[in-house]
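sequence first, then the predicted structure, then my questions.
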Amino acid sequence: MSNQNQRKLRRVEVHQKIDVFDLVAGMNVGRLVNIHREGLMIIGDVDMKTDSLYQLCLRLPEPIDGKKEFSVGVDCLWVRASDDQRQHWTGFHIIDISAHDLALIDKLV
């Protein structure tokens, strides 16, 4: 069964530039492509590692409820190189998020 078939919620494509930072490494790892309450996908120059945990910060271009960013703890499920092999598509399962930040995802989508 593919990851697509295992998903219970439909991911919503993001039409604004939302930068994603690895809080532990202190670096930009890409930009948000799509998101829902249980997961997200990014594209970026950094080759993330599958089966690894990350603390990510998503920086919003416009504040939502007065917040310009929110954090999520995630498990990296898969990584695929882009067609040009310069960037990587990465899928994550959200494993830790505050109730307030979960409400921000609901408003974002």
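Yep, that arrived.

helix, strand, or coil at Ala103?
Of the three states, Ala103 takes helix according to DSSP: H, G, I helix; E, B strand; the rest coil.

so who does it touch?
By Cβ atoms under 8 Å, 6 or more residues apart in numbering, the contact set of Ala103 is Asp65. Just so you know, the C-beta spots here come from the backbone N, C-alpha and C atoms, and that holds for glycine as well.

next, give phi and psi for Val46.
With angles defined as degrees, to the nearest 10, Val46 sits at phi -90, psi 130.

which parts of this structure are strands?
Secondary structure of the chain by DSSP state E: the strands cover 12-13, 19-22, 27-36, 39-44, 53-64, 67-81, 88-96.

nearest to Ile105, out of those strands?
Nearest to Ile105 among the strands of the chain is strand 27-36; the distance by Cβ to Cβ comes to 6.1 Å.
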